[in-house]
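Q: structure for the following, please:
(one chain, ligands or ions: 1)
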Amino acid sequence: METNTILVIGANGQLGTELTTELRAIYGSANVIASDIQAPRKAPLPNEPFEQLDVMNAEKLAKIVDQYNITEIYMLAAILSAKGEQNPIFAWDLNMQSLLNVLEVARQKKLSKIYWPSSIAVFGPNSPVDNTPQDCVMDPNTVYGISKLAGERWCAYYHEKYGVDVRSLRYPGLIGYKSLPGGGTTDYAVDIFHKALNGEDFECYLREDSYLPMMYMPDAIKATIDLMQAPADKISVRSSYNLGALSFTPKDIYEVIKKQHPDFKITYNVDYRQKIADTWPNSIDDSQAQKDWNWKPAYTLEDMVEDILEKLPEYEF
Ligand code: AKB
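A: Alright, predicted model coming up:
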């Protein structure tokens, strides 16, 4: 196996926490440098290098790349959809400049690969809602979605113009239990498990019939690693790949949880996040990812609920 030295930016986040663990299992802890603007929740072990990094600081980023001879970067830092609407200019600045800093360092230092996540938020009110195709009308109306769509174009530009091997996935709502998400529209589908297991009622900010594409974290991690390990000539999409797994409504997930927690109650108190959800697809056509690098999700809604209800109570935050 080729030896990579990987830098994960945003390693304390919902995706970063799990991706860093998996990358360390594959490439060895010492070869995966975790970084985040915040110190980690638990003190890192000596063989689990951690650097405090604000990715807006291009100089410090370049210094870390040199210091560790970094060959690959996973750039996960972002302000998500709901939080972005509260401070649009800040969200735009952070989401764009962080990506540009990473693409620039990749170009200047000839890094071998970059990963950057996009999202179903790149679609908008005029995109087809069912089985949304890879290429279609894209008119996002959240600052997060606009920044992801612009970011996709920057990725394609750096690939075309400078040969940077940058790869990306349009994640659906990600659901994991190892860390709490922050500021997304799909986060209700994580919070609901914490309430059910604490014996509390759950107040949902989306309508009961709000159907959205979602994905269990182990599938998201597998997709990311598979994409990054695929030979470069298999990657035909240099903006970002559509990626599908499952779709459900708040009512659907509630009904599945309730089978194991019969007293669990849900109420609905819709807020501004509903408008965001209403512009996103119901389901995703990911046939290009299937064709190019054999993408196939493993988890159904029932599998995911069973796994989280079993493992979350044992998990130490
Ligand atoms: C969000 O809800 O903002 C994210 C996403 C779908 O990208 N989870």
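Q: based on its surroundings, how many neighbours for residue 176?
A: As a burial measure, residue 176 scores 22 neighbours (other C-beta atoms under 10 Å). In this view, the C-beta of every residue, glycine as well, is placed from N, C-alpha and C.
Q: my guess is it contacts residue 216. True?
A: Yes: at 7.4 Å, residue 176 and residue 216 qualify as touching, with contact defined as C-beta atoms under 8 Å.
Q: from the ligand, how far off is the residue sitting furthest away from the middle of the chain?
A: Centroid-distance maximum for the chain: residue 263 at 32.2 Å, with C-alpha atoms, centre = their mean. Between residue 263 and the ligand the computed distance is 29 Å (C-beta to the nearest ligand atom, to the nearest Å).
Q: cool, and residue 265?
A: Residue 265 sits 24 Å away from the ligand, going by C-beta to the nearest ligand atom.
Q: same question for residue 317.
A: Distance, residue 317 to the ligand, by C-beta to the nearest ligand atom: 20 Å.
Q: secondary structure class for the residue nearest to that residue when sequence neighbours are not counted?
A: Closest residue to residue 317 apart from its sequence neighbours, by C-beta to C-beta, 6 or more residues apart in numbering: residue 41 at 7.2 Å. The local conformation at residue 41, judged by DSSP: H, G, I helix; E, B strand; the rest coil, is coil.
Q: tell me if I'm right that residue 41 and residue 12 touch.
A: Yes: between residue 41 and residue 12 there is a contact under C-beta under 8 Å: 6.9 Å.
Q: which one's more surrounded, those two?
A: A count of neighbours by other C-beta under 10 Å puts residue 12 above the other of residue 41 and residue 12, at 20 against 10.
Q: could I get the phi/psi values of the more buried one?
A: Taking degrees, to the nearest 10, you get phi -90, psi 0 for the backbone angles of residue 12.
Q: picking that back up, the residue farthest from the centre of the chain belongs to a strand?
A: No: the assignment for residue 263 (three-state DSSP) gives coil, which keeps it out of a strand.
Q: need the contact list for it.
A: Residues in contact with residue 263 (C-beta atoms under 8 Å, 6 or more residues apart in numbering) are residue 199.
Q: now do it against residue 85, distance only.
A: As defined by C-beta to C-beta, to the nearest Å, residue 263 lies at a distance of 35 Å from residue 85.
Q: for residue 196, same thing?
A: 28 Å.
Q: ok, these two, which is more surrounded?
A: Ranked by neighbour count (other C-beta under 10 Å), residue 196 and residue 85 place residue 196 first, with 25 against 20.
Q: wait, a helix at the more buried one?
A: Yes: according to three-state DSSP, residue 196 belongs to a helix.
Q: dig out what the residue nearest to residue 115 when sequence neighbours are not counted forms beta bridges with.
A: Counting by C-beta to C-beta, 6+ apart, residue 74 is the residue found nearest to residue 115 once chain neighbours are left out, at 4.4 Å. In this entry, residue 74 is beta-bridged to residue 8, residue 115, by DSSP bridges.
Q: gap between residue 74 and the ligand?
A: 16 Å.
Q: what's around residue 248, how many residues?
A: When neighbours are counted by other C-beta under 10 Å, residue 248 registers 21.
Q: now it. Its backbone dihedrals?
A: phi -160, psi 170.
Q: list the contacts of the closest residue to it other than its chain neighbours.
A: Sequence neighbours aside, residue 301 is the residue nearest to residue 248 in space, at 5.3 Å (criterion: C-beta to C-beta, 6+ apart). The neighbours of residue 301, taking C-beta under 8 Å, 6+ apart as the test, are 246, 248, 252-253, 256.
Q: got the residues of the stretch 151-300 of the chain near the ligand?
A: Residues of the stretch 151-300 of the chain that fall close to the ligand, judged by C-beta under 6 Å from any ligand atom: 171, 173-174, 184-186.
Q: mind redoing it with 8 Å?
A: For the stretch 151-300 of the chain, the residues in contact with the ligand (C-beta under 8 Å from any ligand atom) are 171-174, 181, 183-187, 212, 276, 280.
Q: then the stretch 1-150 of the chain?
A: 80-82, 84, 117, 119-121, 144, 148.
Q: per-residue confidence for the residue nearest to residue 248?
A: Looking at residue 301, its pLDDT reads 98.
Q: returning to that earlier point: most widely separated two among the residues of the stretch 1-150 of the chain next to the ligand?
A: Maximum pairwise distance in those, criterion C-beta to C-beta, is 16.7 Å, between 82 and 117.
Q: can you map out the strands along the stretch 201-317 of the chain?
A: Per DSSP state E, counting those that start in this stretch, the stretch 201-317 of the chain carries strands over the ranges 202-204, 212-216, 241-242, 246-248, 266-268.
Q: most packed of these?
A: Compared across the strands of the stretch 201-317 of the chain, strand 241-242 shows the largest average neighbour count, a mean of 26 (mean count of other C-beta atoms under 10 Å).
Q: summarise which helices and strands that strand is packed against.
A: On a contact count with 3 or more C-beta pairs under 8 Å, 6 or more residues apart in numbering; DSSP states H and E, strand 241-242 meets strand 169-171, helix 287-293.
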